[in-house]
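J.: Below are the sequence and a predicted model for it; my questions follow.
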Amino acid sequence: MAMREFDLNIERVLENWTVAHALREVIANALDEQALTGTREPEIFQDGDGRWHIRDWGRGLRYEHLTQNENKEKLTHPDRVVGKFGVGLKDALATFDRHRIDVTIRSRHGDITTGRQAKHGFSDIKTLHALISDPADPGFTGTEFILHGNALSEAQVEQAKALFLHYAGDEELDATQFGTVLRPRDKRTPARIYVNGLRVAEEDNFLFSYNITSPTRALRRALNRERSNVGRGAYTDRVKSILLAGEQDEVIEALVADLQNYERGTQHDETQWLDVGLHACKLLNARRKVIFLTPFELALAPDFVRRAAEDGYEAIVVPETIRRKLPGLTDAAGNPIRDLGRYRDEWQHSFHFTFVDPGDFTPAERAVWDTLPRIFAVRGGRPGRIKDVRISETMRLMEGRYQEAVGVWEEADGLIIVKRTQLRSPDAFAGTVLHELSHALSGAPDVSFAFEEQLTQELGRVVARRLTQTADHNELTRQTTGFPRPERPWASMPPRLAAGGGGRTSFVRDNDFDL
């Protein structure tokens, strides 16, 4: 059969396409044929004469494949193939021709070369034609491109292969219905965005690479004939979908770890997307004992965070934008997300006092404890609603804060409970008792008008009673009333109190009230 001429209707197009672009189209077709037929790996090699071969082992190229038409078979399997636009092969042949690279295509359906011929009926117009002849080997398996020309080099072949996930060697970390999360083989290279295995963009500040196997309509529109340098806006939604659908621990751990890099300015772009950051927190909360907090909270409550660590919780520092969204959310297992506030509430709920018997006090602690009757006496007696004062090793947290209180008023039991550390000095002990007494009498919390008013009255009552015992006040009384100055009241104090108790520095001075 004589050679037939197939007009490709191409004169001069795609001036910006390189040889690597053209090779990409040929390699894409070979990989697609492998995926669709389940045949062996395509071969790419250079023979002894310097010619490059790209061969698949599929059904063989037909001249009909040179028409510009969407491939219905490839459209049926969009997640398995790279090409499906019906223009890539023609573009590749035109690019080879422009760079003076000779092309021979072999298959059992015929052998094809290219050349410029006059357009039928228009002898003054020359376009690129496919020159089709009978197959040299009717039993040939697959399709083989044989390329030769000075413009074709090994570097360009490697450049073309690098555009494919198939040859990149990236490790798959997670697979979803939208695509896969990848770890680049070479960590020095930028992250890559693939669409069905073909690289369409690079990202300098992405944590992972991604292969999108289910493109959105916007992404399909953005995949121009070059299929390179696709803008981020076209694939961001799909990258998010991949991450939100993922459940692999390694990916989640990496996302959460990256959340904590924002303070250092090294946070990657994915974790700056709020929905991705929250998703990572939800999955991590379901897997491990963690507490999410901001850098400010970490600085505000270091002791409480250490206590959480002692309880087996890991502190995860997240941006304020993430932290604000956590209250009220549940994790992947339906459990509430545990931020520092929730852990505080859980800790308060499970708290119990560890009371200390006065018989177990040290001598110094006992000396301070024995001042309790005189503390009440100096303010006019113990109010009836206060049934007892007790000492505890443990203490609840202060209202709305992450530090332990030093004393509490337990209204239901009529108890003032003081933390044992307050027995370190009579000043601390007396101040705590009078503070909690003010809560008992006012029935009001800290930083309230009723409490402040009651505390002011207590201070006034104590000072007024003390003034009646000071030398200055007694002298004033003597001058104004003619009554003699009484003896100094601390002269009859027990020796251990006068000495400060247990060898401690004396806390009774002329300007102190006498306990």
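T.: Noted; the coordinates are in hand. Only a predicted model underlies this, so the values are computations on that prediction, with no experimental measurement involved.

J.: Quick one: the strands in the stretch 101-250 of the chain, in order.
T.: Listed in chain order, the strands of the stretch 101-250 of the chain (DSSP state E, counting those that start in this stretch) span 102-107, 110-119, 122-133, 143-148, 171-175, 179-183, 191-195, 198-203, 209-212.

J.: Now mean pLDDT and distance to Arg342 too, for the ones you listed, in JSON lines please.
T.: From N, CA and C alone the C-beta is placed, and that goes for glycine too. Shown next, in JSON lines, are those (pLDDT from 0 to 100; distance: least, CB to CB, whole Å):
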{"stretch": "strand 102-107", "mean pLDDT": "96", "distance to Arg342": "67"}
{"stretch": "strand 110-119", "mean pLDDT": "85", "distance to Arg342": "69"}
{"stretch": "strand 122-133", "mean pLDDT": "81", "distance to Arg342": "69"}
{"stretch": "strand 143-148", "mean pLDDT": "96", "distance to Arg342": "62"}
{"stretch": "strand 171-175", "mean pLDDT": "95", "distance to Arg342": "29"}
{"stretch": "strand 179-183", "mean pLDDT": "95", "distance to Arg342": "30"}
{"stretch": "strand 191-195", "mean pLDDT": "94", "distance to Arg342": "35"}
{"stretch": "strand 198-203", "mean pLDDT": "92", "distance to Arg342": "35"}
{"stretch": "strand 209-212", "mean pLDDT": "96", "distance to Arg342": "34"}
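
J.: among the ones you listed, which is nearest Trp409?
T.: Nearest to Trp409 among those is strand 171-175 (54.0 Å), distances taken as CB to CB.

J.: Just the buried residues of the closest one, please?
T.: Within strand 171-175, the residues that qualify as buried are 173-174, counting by 16 or more other CB atoms under 10 Å.

J.: what pairs with it, and is each one parallel or antiparallel?
T.: Strand 171-175 pairs in its sheet with strand 179-183 (antiparallel), by DSSP bridges.

J.: Residues touching the strand it pairs with, excluding its own?
T.: Identification of contacts with strand 179-183 by CB atoms under 8 Å, 6 or more residues apart in numbering yields 165, 170-175, 192, 194, 208-214, 238, 241-243, 246, 248, 251.

J.: Buried ones from those residues, can you make that a ChimeraX selection?
T.: Burial among the contacts of strand 179-183 is assessed by 16+ other CB under 10 Å; the matching ChimeraX selection reads:
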select :165,170,173,174,192,194,208,209,210,211,212,213,214,238,241,242,243,246,251
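
J.: I'd like the strands of the stretch 101-250 of the chain written out as a markdown table, with distance to Thr294 added.
T.: As requested, these are exported to a markdown table (distance: least, CB to CB, whole Å):
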| stretch | distance to Thr294 |
| --- | --- |
| strand 102-107 | 61 |
| strand 110-119 | 64 |
| strand 122-133 | 63 |
| strand 143-148 | 58 |
| strand 171-175 | 28 |
| strand 179-183 | 27 |
| strand 191-195 | 28 |
| strand 198-203 | 27 |
| strand 209-212 | 29 |
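
J.: can you tell me which of those strands comes nearest to Ile416?
T.: Of all the strands of the stretch 101-250 of the chain, it is strand 171-175 that lies closest to Ile416, at 57.1 Å by CB to CB.

J.: Touching the closest one from outside, list them.
T.: So strand 171-175 is in contact with 180-183, 185, 208, 242, 246-248, 250-251, going by CB under 8 Å, 6+ apart.

J.: Also stretch 330-349?
T.: Contacts for stretch 330-349 (CB under 8 Å, 6+ apart): 247, 281-283, 285-286, 290-293, 297, 301, 304-305, 307-308, 313, 323, 326-329, 396-397, 402.

J.: and those, which are buried?
T.: Here, 16+ other CB under 10 Å leaves 281-283, 285-286, 290-293, 297, 301, 304-305, 307-308, 313, 323, 326, 396-397, 402 buried among these.

J.: ok but Phe6 is inside a helix, no?
T.: No: counting by DSSP: H, G, I helix; E, B strand; the rest coil, Phe6 falls outside a helix, being strand.
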